[in-house]
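Student: Just the structure for this:
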Amino acid sequence: MNTSIKVFDNTDQLAEEVALLLKQLNAKPGKKPIHVALSGGSTPKAIFKYLTLQYGTSLVNSRFHFWWGDDRCVPPSHDDSNYKWANALWLAPINVPHGNIHRIMGENDPDDEAVRYSNEIAMHLPVENGLPVFDFVLLGMGDDGHTASIFPNQMHLLTSNNFCEVATHPESSQKRITLTGKLINNSKLIAFISTGEVKAQKVFEVVKMKNTNLPATHIQPVNGELVWLLDKAAASNAF
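Tutor: Below you'll find the model as predicted:
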């Protein structure tokens, strides 16, 4: 596994690095689809706004297919929906074809949706190491060290043989659909995005201390690259 850590002065600089990673994906020869899994959260929202404002329709093309690392079991119009914000702030404004957007249908029965989304992934993604492989996965990390919707009290989701599982938020009990650890770790490129002083301690525990009680520590691509994209506040305890 190739790991790198990059620290930026502000979110705009971090968003520009995401744009560079997308450009690099698009520059690879061939016409094969490029499969990208997106994250929710306040920093991704800022990134999506930046990409739309700075690049418009020039950054991605019809090769790109968009997925989600996790989403809450709510309708797509709900403010808690990760899909809603990615679509409203970026995908819809740049006219990504409907067929290239593979949302988690949070309005469905959670158990049924985990199976349906797993099947959709299997249908579209290439297979390496016996598992579907994403080209690029954006991940956030919660204040408790969770990533996607793999929480510290649900560590079994890291080793599940299913592509997707139903997760339960430990405080709200809200149901979510999440990619599992094995599938995430089969990706070619994983970018953790973390900003703000509130994330500094967990960044330190995951990046420096390798605290195995935290799900984010276990995100280690088998044959891919891992990059941490941090602002100075999130990096303040670790570097």
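
Student: Quick check: what element follows the lowest-mean-pLDDT helix or strand in the chain along the chain?
Tutor: When the helices and strands of the chain are scored by mean pLDDT, DSSP states H and E, strand 2-8 comes last with a mean of 94. Scanning the chain past strand 2-8 towards its C-terminal end, the next helix or strand to appear is helix 11-27 (assignment: DSSP states H and E).

Student: partners of the next helix or strand after that following helix, with directions?
Tutor: Using DSSP H and E, the helix or strand that follows helix 11-27 towards the C-terminus is strand 34-38. Using DSSP bridges, the strands paired with strand 34-38 in its sheet are strand 64-68 (parallel), strand 136-140 (parallel).

Student: Quick check: mean pLDDT of the last one?
Tutor: In this model, strand 136-140 has an average pLDDT of 98.

Student: low-confidence ranges in the protein?
Tutor: In the predicted model, the chain carries pLDDT under 70 at residues 1.

Student: all helices of it, in order?
Tutor: If DSSP state H is used as the criterion, the helices of the chain fall at 11-27, 42-55, 82-86, 110-124, 181-184, 200-203.

Student: still on that earlier bit, gap between the least confident helix or strand of the chain and the chain center?
Tutor: For strand 2-8, the separation from the chain centroid amounts to 16 Å (computed by C-alpha atoms, centre = their mean, to the nearest Å).

Student: Ok, which of the helices of the chain comes nearest Arg103?
Tutor: Taking C-beta to C-beta, helix 82-86 is the member of these nearest to Arg103, at 4.2 Å. Any C-beta I mention is one placed from the backbone N, CA and C, and that applies to glycine too.

Student: quick one on the thing from earlier: right, so of the helices of the chain, which gets closest to Asp144?
Tutor: helix 200-203 (7.5 Å).

Student: residues in contact with the closest residue to Val207 other than its chain neighbours?
Tutor: Closest residue to Val207 in three dimensions, ignoring its sequence neighbours and counting by C-beta to C-beta, 6 or more residues apart in numbering: Ala238, at 5.2 Å. Ala238 makes contact with Ala200, Val203, Phe204, Val207, Lys208, according to C-beta atoms under 8 Å, 6 or more residues apart in numbering.

Student: isn't Met141 right next to Ala191, touching?
Tutor: No - no contact is recorded between Met141 and Ala191 when judged using C-beta atoms under 8 Å, the distance being 11.4 Å.

Student: Please list all residues in contact with Lys32.
Tutor: When the contact criterion is C-beta under 8 Å, 6+ apart, the partners of Lys32 are Arg63, Pro126.

Student: What's the separation between it and Asp71?
Tutor: Taking C-beta to C-beta, to the nearest Å as the measure, Lys32 falls 26 Å from Asp71.

Student: and what of Ser160?
Tutor: On the measure of C-beta to C-beta, Ser160 and Asp71 end up 17 Å apart.

Student: quick one, which of these two is more surrounded?
Tutor: For Ser160 and Asp71, the more surrounded residue by other C-beta atoms under 10 Å is Asp71, and the numbers stand at 27 against 17.

Student: Lovely, talk soon.
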